[in-house]
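S.K.: any chance you could fold what I've pasted below:
(one chain, ligands or ions: 1)
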Amino acid sequence: MDKLIIQGSCKLQGTVKVSSAKNATLPILVAALLCPYPVKFESVPDLLDVTTILKLLQSLGVKVTKDGDGVVIDATTLENQHADYTLVKTMRASVLVLGPLLARFGIASVSLPGGCAIGTRPVDIHLMGMEKLGGEIQIENGYIKAKSGRLQGTTITLPFPSVGATENLMMAAALAEGVTIIENAAMEPEIDDLGDFLAEQGIQIEGAGTSRITIHGKKVNELKSSNKTYHIIGDRIEAATYIIGGLMSEGEVKVTGFNPKHLGFVLETLTKMGADLEIGTDYVKTKISKRLKGVAIETAPYPGFPTDVQAQMMALMSIVDGNSIVSETIFENRFMHVPEMGRMGAKVNIKGNSALVEGVEGLSGAPVMCTDLRASAALVLCALVAKGESEIQRVYHLDRGYEKIDEKLTGLGAKIQRVKG
Ligand code: UD1
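M.R.: Numbers count the residues shown, from 1 in each chain. As a prediction, this is how the structure comes out:
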């Protein structure tokens, strides 16, 4: 298992470009399952989660051709509709193959993803929606066994705006007969991007990125290749991580390649803390500002404060003036970075789903262990500004969602060494 050795007391300076959004790449690559022709993508990020989804598609018989950061997905060779536990258990987003497989082939057997480090994360909303579309669902031996005739468009009201359920149902509805309306849909920018991808295949779709999405289904042979190479949006979560790194290290960091509007709430919160930010159309630059002050945040579905930036934000809060409060409302058990940050001198007290963060003067380097993707990012940020050396273990969590993070941070002046193991 690789580890990172980070020398602290670093001031990040310079420009860093974010990669394509992991959370848009995964559903959009899966959506190529709907297409009876090869689909080309460019700037596909080199991430462990992307490798996993490509392996899963290949396990279904899909032809995957890579050329640099370009990928061609050809689902015309798909020969089985069975997504095996061995792959699904490693990444929850694998369950996204359910919708397209069921819609296109009328049959799917997809392993239940099971628990993960940040909570139990059930898929009941995905299954309720598939049943509403006419799917017959059974849970057998740890697998979702689904079958149907042609899915039938309908209105589905989600009890909670689940990102994954919205995406799964959008893909299923794309090949359903008639119109499907998803009410209380998740509104994340990655959903808008999936909507754009489906529209490019000839699906009429309205409201992706709002709470009401209307999808006019087509037969599979009515989908049309635009022959264009699809370009996925920039990663707002990666961007937030580097912006927070710039602020924590009191450096001037320009983060490019994404739409700052996708980070509205995060940028507002940072400004409220006293950050001086230059916000362009496709970049944010941190300016050297006085010591920031504490704030209260509560995670919420988009456009609220993203749970995926909660840990990085807590890293910042640990070294600002005064106290901060973090309430995590999306996932249970998403404070696993807290004990590790504590080893670096952060003062955080957890009570239920809230954490009280008492700002300290500075952190000190320590050996720490990654537990999940965003928790790992928070530990890296702490290590960059801590006094002395830190050893970050189990960085495979980080590699799931941050492309070349060590190289990108080195480009900003950080002293990071990856030790292969
Ligand atoms: C996606 C993101 C993840 C992000 C999360 C919330 C991807 C690949 N992952 O995950 O990075 O943290 O959105 O913004 O895009 N839930 C149910 N039943 C369901 C579905 C969800 O109870 O059927 C619950 C989950 O347990 C969780 C909450 O709803 O507590 C949010 O889940 P959801 O929005 O579905 O997140 P994901 O799609 O898994």
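
S.K.: quick one: mean pLDDT for the helix or strand containing C382?
M.R.: Secondary structure from DSSP states H and E places C382 in helix 373-385. On average, the pLDDT along helix 373-385 is 97.

S.K.: in whichever helix or strand comes after it, what's buried?
M.R.: Following helix 373-385 in sequence order, the next helix or strand is strand 389-393 (DSSP H and E). Across strand 389-393, burial judged by 16 or more other CB atoms under 10 Å covers S390, E391, I392, Q393. Glycine gets a C-beta too; all of them are placed from N, C-alpha and C.

S.K.: what pairs with the second one across the strands?
M.R.: Taking DSSP bridges, one obtains I5, P367 as the residues bridged to E391.

S.K.: identify the residues contacting it.
M.R.: E391 sits next to K3, L4, I5, I6, A366, P367, V368 when contact means CB atoms under 8 Å, 6 or more residues apart in numbering.

S.K.: how about the residues of this structure near the ligand?
M.R.: Those residues of the chain that sit near the ligand, judged by CB under 6 Å from any ligand atom, are 23, 26, 92-93, 119, 121-126, 160, 162-165, 186, 307-308, 330-331.

S.K.: and the helix or strand hosting A239 with helix 373-385, angle?
M.R.: Element membership for A239, per DSSP H and E: helix 236-248. With axes from the mean of the first three to the mean of the last three CA atoms, to 10 degrees as the basis, helix 236-248 and helix 373-385 are set at 20 degrees to each other.

S.K.: pLDDT of helix 236-248, averaged?
M.R.: 98.

S.K.: what of stretch 172-179?
M.R.: 98.

S.K.: what's in contact with that stretch?
M.R.: Applying CB under 8 Å, 6+ apart, the external contacts of stretch 172-179 come out as 31, 34, 98-100, 102-104, 129-130, 133-135, 150-154, 180, 182, 198, 201, 203, 205, 214-220.

S.K.: now the end-to-end length of it.
M.R.: End-to-end distance of stretch 172-179 (CA to CA, to the nearest Å): 12 Å.

S.K.: tell me the buried residues in that stretch?
M.R.: For stretch 172-179, a neighbour-count test (16+ other CB under 10 Å) marks A172, A173, A174, L175, A176 as buried.

S.K.: now swap in stretch 45-65 and tell me
M.R.: By 16+ other CB under 10 Å, the buried positions in stretch 45-65 come out as 45, 47-50, 52-54, 56-57, 60, 62, 64.

S.K.: again, but for stretch 396-415
M.R.: Across stretch 396-415, burial judged by 16+ other CB under 10 Å covers 397-403, 405-406, 408-409, 412, 414.

S.K.: same question, stretch 187-202
M.R.: The neighbour-count check on stretch 187-202 (16+ other CB under 10 Å) flags 187-199, 201 as buried.

S.K.: also stretch 154-170?
M.R.: Under 16+ other CB under 10 Å, the buried positions of stretch 154-170 are 154, 156, 158, 161-170.

S.K.: tell me the pLDDT of the nearest residue to Q204 once chain neighbours are set aside.
M.R.: Spatial nearest neighbour of Q204, excluding adjacent residues (CB to CB, 6 or more residues apart in numbering): H216 at 4.0 Å. On pLDDT, H216 comes in at 98.

S.K.: for the residue of the chain positioned farthest from its centre, what is the enclosing helix or strand?
M.R.: Computed with CA atoms, centre = their mean, the residue of the chain farthest from its C-alpha average is G149, at 32.4 Å. Using DSSP H and E, G149 is not contained in any helix or strand.

S.K.: list the contacts for it?
M.R.: G149 makes contact with G106, G134, according to CB under 8 Å, 6+ apart.

S.K.: who are the neighbours in contact with the residue of the chain found nearest the ligand?
M.R.: Taking CB to the nearest ligand atom as the measure, the chain has G164 as its residue closest to the ligand, at 2.8 Å. G164 makes contact with R92, A93, V95, L96, V123, H126, according to CB under 8 Å, 6+ apart.

S.K.: from those residues, which land in helices?
M.R.: Using DSSP state H, the subset of the contacts of G164 located in helices is H126.

S.K.: ok, and the most crowded of the contacts of G164?
M.R.: Highest neighbour count within the contacts of G164, by other CB atoms under 10 Å: L96, with 28 neighbours.

S.K.: quick check: that residue touching N168?
M.R.: Yes: L96 lies in contact with N168 (CB atoms under 8 Å); the separation is 5.5 Å.

S.K.: before we move on, back to that, now render the buried residues of strand 389-393 as TSV, adding pLDDT and distance to V71.
M.R.: Formatted as TSV, those follow (pLDDT from 0 to 100; distance: CB to CB, whole Å):
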residue	pLDDT	distance to V71
S390	98	35
E391	97	34
I392	96	29
Q393	95	31
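
S.K.: of the residues you listed, closest to V88?
M.R.: The closest of those to V88 turns out to be Q393 (CB to CB; 25.9 Å).

S.K.: show me what the helix holding A239 packs onto, helices and strands only.
M.R.: When contacts are defined as 3 or more CB pairs under 8 Å, 6 or more residues apart in numbering; DSSP states H and E, helix 236-248 sits against helix 22-31, strand 253-256, helix 264-272, strand 283-286, helix 310-317, helix 373-385.

S.K.: quick one, which of the contacts of E391 are buried?
M.R.: Applying 16+ other CB under 10 Å to the contacts of E391 flags K3, L4, I5, I6, A366, V368 as buried.

S.K.: in helices, which of the buried residues of stretch 396-415 fall?
M.R.: Short answer: these in helices (DSSP H) are H397, L398, D399, I405, D406, K408, L409.

S.K.: contact partners for the third one?
M.R.: Spelled out, it's D399. Taking CB under 8 Å, 6+ apart, we find D399 in contact with D2, L47, L48, I405.

S.K.: next: T371.
M.R.: With the criterion set at CB under 8 Å, 6+ apart, T371 makes contact with A117, M336, H337, E340, R394, H397.
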